[in-house]
Structure formats: structure tokens, C-alpha cells
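Colleague: Just need the structure, nothing else, for what follows:
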Amino acid sequence: MSDLFDQPGADRSSEAPRPLADRLRPRALAEVIGQDQVLGPEAPLGTMLASGALSSLVFWGPPGVGKTTIARLLADETDLHFVQISAIFTGVPELRKVFEAAKMRRRNGQGTLLFVDEIHRFNKAQQDSFLPHMEDGTILLVGATTENPSFELNAALLSRAQVLVLERLDLADLEHLAQRAEAELGRALPLDGEAREALLEMADGDGRALLNLVEQVMGWKVEGKLDTGGLQTRLTRRAAQYDKSGEAHYNLISALHKSVRGSDPDAALYWLARMLTGGEDPRYLARRITRMAVEDIGLADPQAQTICLHAWETYERLGSPEGELALGQAVTYLALAPKSNAGYAAFKGAMAAAKQTGSEPPPKIIRNAPTKLMKDLGYGEGYAYDHDAEDAFSGQNYFPDGMKRGVYYTPPDRGFERELKKRLDYFVKLRAKRQG
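Modeller: This is a model prediction of the structure:
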């Protein structure tokens, strides 16, 4: 539910005022909202607990979905001593102390569940330091990360731990959490139906954020129920989770590119808007949009590339936010344009062939002969000037002597490439006739 539900040494009996998130901290795994894909009877953790064989784990998910909570409750379920550290504030000396204390507990017959928050912040050497203690059973490691473990964690550590994906809470989960908060506080939120839904959406899948918002709303003195407008004048929408250098960046640009390729302008505009509202550099988007025109549309619509370049130039002149509209129009055009990767595939094929035959010289007939010696060597001899040939086409071979003729460009029967295909087929037949 919330990573905030896990302050070490929290005293539930204290009468000092506590944040709502702390008061609603689950006391058992069955109280955790959401994450059935991990905690259900047939899910990985449910199966491990039922068999009594808990392995080291890495929880991967966004903030406020229950990584710390679940780790603490796992320690309770398995009678392990719970130790929590953060990779941000822990160095090698502190790690040594943690490992020594865990060894002492083990000698006294008690295991240790070591929870490492932001584990991806540890460097390779620090991550490697966990391995011997995991292998000999000194610690059972549970790491938490908001970053893709495939990129951020060592292969050796990943091979000794199971990665479990925790998902952002959906609206039903958040509503359940809001009702639990209302029961704890003994009164309902002073919101009408639409405003209540708007509050849930403001949390953006983060249970901790929702409880903080609920606590704010409950502190207001209002008459009756607020509508959406009244709520939004009092609360600022939570900033979207977006890391311009992390996995979210690559996931969203992939979603934008594939929506354009899939000819879905609405989805493409949505992902473009997601990246812009997340703070992405519009110039990066302009470059990637132009790449889409070259890679996925190509000569099926030669105008597409020009439209993208004009949109890029328009943005440079107008700036944000006005210039972003030009990028949106370019994305819409690309999504509805005929698609072809024939030019892209042809270029890759030609590049591969060039690497394999990179030392083969051109045939002598098409070599330039600016000197007498070169003419004496036969450079340019026999070259047929295509403009003087019938149909302005000689049909000569322009590939290296002895190299099998390559076929790289195979345009589809779509868009403008339908015309190019007709021309290509015409020259193929004419070449066969000339060479024959």
C-alpha cells in the first residue's frame, strides 16, 4: 500500500499524533491493498509463504505501492529480524556493521531480513558485498527499486534473487484505501462523486500520496460537499511520474513510436502529451518524430519528412507551449500516413552488403578517367551514357565485377511507393531486355 507505512521502531501505543498513513499501516499481508499478482495464494509470495521457503527478493515498482510494507510484513510472517537501510544514506562501514549484527543473530538462532530501499543506488562493489551473506544464509535480502533491475542491478545479485513487479494502484484499490481512511477518521470525505474520483486520479496510483491528500481534505472546513472545481482550487495535481533519463522515458517514446506505426493518431497524441507534461525536451521529440517519418513512412509519403522538419522549425521559432502544437500536428499526420519501412530495410541491407564487400572496386566502365594513364588502363571504357540510350536507360551493371547483383529496395503497393514500384518493375524488365 504505502512505503511510508514502515518507519523502523514505530510505536503503535504512542498517543502522539500520527500521520494518517502511519495509522493505516497494515498489520498483516492480508490487509495490503492491491498486488494480488504477488500476494495471492497462487502468486509467487503466497506460494513461498505456504511452502515455508522464502527466497531473496527484489521488489520493482513505482513509489507508494507497498514495497516497504510487504517487506516488513514478510519478516513478521517468517519470524525474521527486520532491518531496514537505504542505499542513499548507507556506505561500506555501515554495511559491515549490518552484516556483523546479522551474523551474531544467526549464531543465536535468529535470521535477518535485510530490506534495502533504493537498492539500485548501490554501486557494483556494494552490490557484490551482499552475495556471500546471501549465499551462506546470514541475510535474506529484500531490495526495493523504482528502476528497471535489468539495467541497474548486477547479474550476480539478480541470479540470487527473484524479481517481483509491484504495480501502481488502480482506481478500485485507491477507493478501497479511501474508504479505509474514512473509517479510521470516522467521517466521509466532503466531496461529491466527481470530485472524489478526481481526488483518486490526483494520487496517480500512489497509495501514500492518496492518504496525504485525504488528510489534507479532511482538515478543511467546508459546508456541504465540494465539487471538482472546488477541490482543484484547493489542491495542486500531483506531478506525473516521469524520469527523462530512466525507463519511463524509453517506455513512453516507444509507446509514441509504436502508436504512430500502428496508425493510431489518438494514442500517438496521448503519449506525446504524456511526455510533454512530464517535462520532456520538445527538441528531442521533434528529432524522434522526424525519425519516425524516415523509418516507418519513408517514400510511401515523401511529404511526411518535410512536414516533420517544418514542425521542428516551427517549434524553434515559437517555443513552448505554442510550438508544441506543430509537433502534435506532425504526429497526427504521421499516424495517418501510409506506412512503409522499405527504404529503411533497403538501407540496412545495403549497409550489410557494403561491410561484406567493402574492398570491391567499382567496375571499370563507371570509373572516372581524368588522366591518360587511367584511360590506358581502361577506366571508363565501354561506359554507355544513359541519356543517349533508348528510354534513357542503358541497363549496364553498376555493381562490382563478380558480385551478385543485390536487391535491397522492395517497395510495397501502398501510397506513393505504388508509383515507385511500377517504375522499379519497369526498369527490372528493361534491364533484363538490355542485358539479354
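Colleague: only C-alpha atoms for contact and neighbour calcs from this point on.
Modeller: Fine.
Colleague: P411: what's it in contact with?
Modeller: Residues near P411 by Cα atoms under 8 Å, 6 or more residues apart in numbering: 340, 342-343, 417-418, 420-421.
Colleague: Any of the residues you listed buried? List them.
Modeller: 340, 342-343, 417, 420-421 (16 or more other Cα atoms under 10 Å).
Colleague: Just put these in JSON lines and tack on pLDDT, secondary structure and distance to A369.
Modeller: Output for the buried ones among the contacts of P411, formatted as JSON lines (pLDDT from 0 to 100; DSSP: H, G, I helix; E, B strand; the rest coil; distance: Cα to Cα, whole Å):
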{"residue": "S340", "pLDDT": "94", "secondary structure": "coil", "distance to A369": "40"}
{"residue": "A342", "pLDDT": "93", "secondary structure": "helix", "distance to A369": "35"}
{"residue": "G343", "pLDDT": "93", "secondary structure": "helix", "distance to A369": "32"}
{"residue": "E417", "pLDDT": "90", "secondary structure": "helix", "distance to A369": "36"}
{"residue": "L420", "pLDDT": "91", "secondary structure": "helix", "distance to A369": "33"}
{"residue": "K421", "pLDDT": "90", "secondary structure": "helix", "distance to A369": "34"}
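Colleague: List the residues that contact Y315.
Modeller: With Cα under 8 Å, 6+ apart, Y315 has these contacts: 322-324, 326-327.
Colleague: switch the cut-off to 10 Å
Modeller: Each residue near Y315 by Cα atoms under 10 Å, 6 or more residues apart in numbering is listed here: 282-283, 286, 309, 321-327.
Colleague: next helix or strand past the host helix or strand of it?
Modeller: If you go by DSSP states H and E, Y315 is part of helix 303-318. Sequence-wise, the next helix or strand downstream of helix 303-318 (DSSP H and E) is helix 324-336.
Colleague: follow-up on the earlier one: got JSON lines for the contacts of P411, with distance to P400 too?
Modeller: Listed next are those as JSON lines, based on distance: Cα to Cα, whole Å:
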{"residue": "S340", "distance to P400": "29"}
{"residue": "A342", "distance to P400": "24"}
{"residue": "G343", "distance to P400": "22"}
{"residue": "E417", "distance to P400": "28"}
{"residue": "R418", "distance to P400": "30"}
{"residue": "L420", "distance to P400": "25"}
{"residue": "K421", "distance to P400": "25"}
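Colleague: Does S55 belong to a helix, a strand or coil?
Modeller: Local secondary structure at S55 is given as coil here, using DSSP: H, G, I helix; E, B strand; the rest coil.
Colleague: Count the neighbours of the residue nearest to R283 when sequence neighbours are not counted for me.
Modeller: Spatial nearest neighbour of R283, excluding adjacent residues (Cα to Cα, 6 or more residues apart in numbering): W312 at 7.4 Å. W312 has 24 neighbouring residues, counting by other Cα atoms under 10 Å.
Colleague: Just the pLDDT at W312, thanks.
Modeller: Predicted confidence (pLDDT) for W312: 95.
Colleague: quick one: low-confidence parts of this protein?
Modeller: Scanning the chain for pLDDT under 70 picks out the ranges 1-16, 236-247.
Colleague: Could you chop it up by domain?
Modeller: Structural domains annotated on the chain: 3-165, 171-234, 247-336, 356-435, as defined by automatic domain parsing.
Colleague: quick one: which of those is nearest K348?
Modeller: Closest approach to K348 among the domains of the chain (Cα to Cα): domain 356-435, 8.4 Å.
Colleague: G278 is in contact with I253, correct?
Modeller: No - taking contacts as Cα atoms under 10 Å, I253 lies outside contact range of G278: 12.0 Å.
Colleague: Find the residues that touch each one of these two.
Modeller: Here I253 and G278 have L272 as joint contacts, going by Cα under 10 Å, 6+ apart.
Colleague: how close does R23 sit to E215?
Modeller: According to Cα to Cα, to the nearest Å, R23 and E215 sit 12 Å apart.
Colleague: meant to ask about D388
Modeller: 85 Å.
Colleague: So which of those two has more stuff around it?
Modeller: Between D388 and E215, counting by other Cα under 10 Å, E215 is the more crowded of the two (18 against 10).
Colleague: For ChimeraX, write a command that selects the buried ones of the contacts of Y315.
Modeller: This is the ChimeraX syntax for the buried subset of the contacts of Y315, where burial follows 16+ other Cα under 10 Å:
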select :282,283,286,309,323,324,326,327
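Colleague: Perfect, that will be all.
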